[in-house]
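Visitor: predicted model and sequence follow; I will ask about them next.
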Amino acid sequence: MTVPAPRCTASRPTADRPPVPARARRTAVAVAALCLVAATAAAAPPAPDAPTGCGDLMRGQLCLRGPVGTDGTYRTTYRRTGAAEPRNPRVAGSPAGSAPLASGAEITVRLGFQRKNPKITAFPGWFGSRRTLHGAAALSGRVRMLPDECIRGVMEDEDRVFVTKWSCG
């Protein structure tokens, strides 16, 4: 007994729908992907008021940026927003704290970081000292971190020490 060979038939478009060209199909997929990306961006939560890794001080902001939880280059920055006692007679009538930095109001700060894990809080590691220029100073360096460690920025001004909040990976 012999078995007949299977029949091969070419696929035909259905009578109610003409074939869709490949270019139109690619365009439709691209438009759908763009709509998905736009919808995701619209649904994302708003950005925080202050950047992550920053702390507001009485007359400025101290920030630490870097790849938290991994080895990498970290940068500590400090920006003054006003002078406590204006030394320039031209700004003496302005309210304290809202005056631009008076000439000679630049200070020298020591900038660095501090690490911690569940067992220990490490002593500060210093990137160095820098004199503010136009009310700002920044220093950076390479920091070796373990994945379970947290890090925060540290600044020393004369005998006072300021820190940011802890950032954990």
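Guide: Nice, thanks for sending it over.

Visitor: gap between the nearest residue to D148 once chain neighbours are set aside and E149?
Guide: The shortest distance from D148 to any non-neighbouring residue, by C-beta to C-beta, 6 or more residues apart in numbering, is to N117 (5.3 Å). The way it works is simple: take the backbone N, C-alpha and C, and place the C-beta from them, glycine included. Separation of N117 from E149 (C-beta to C-beta, to the nearest Å): 5 Å.

Visitor: A24 now?
Guide: 53 Å.

Visitor: R25 belongs to a helix?
Guide: Yes - per DSSP: H, G, I helix; E, B strand; the rest coil, R25 lies within a helix segment.

Visitor: so what's the residue count around it?
Guide: 10 (other C-beta atoms under 10 Å).

Visitor: mind listing the helices for this protein?
Guide: 22-43 (DSSP state H).

Visitor: show me the shaky parts of it.
Guide: 1, 3, 5-20, 33-52, 82-104 (pLDDT under 70).

Visitor: got the contact list for the closest residue in space to G55 that isn't next to it in sequence?
Guide: Spatial nearest neighbour of G55, chain neighbours left out: T164 (4.0 Å); criterion: C-beta to C-beta, 6+ apart. Residues near T164 by C-beta atoms under 8 Å, 6 or more residues apart in numbering: G53, C54, G55, L62, C63, L64, R152, G153, V154.

Visitor: and what of T70?
Guide: M145, P147, G169.

Visitor: in TSV, list the residues you listed along with neighbour count and distance to T132.
Guide: Output for those, formatted as TSV (neighbours: other C-beta atoms under 10 Å; distance: C-beta to C-beta, whole Å):
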residue	neighbour count	distance to T132
M145	20	28
P147	10	34
G169	13	30
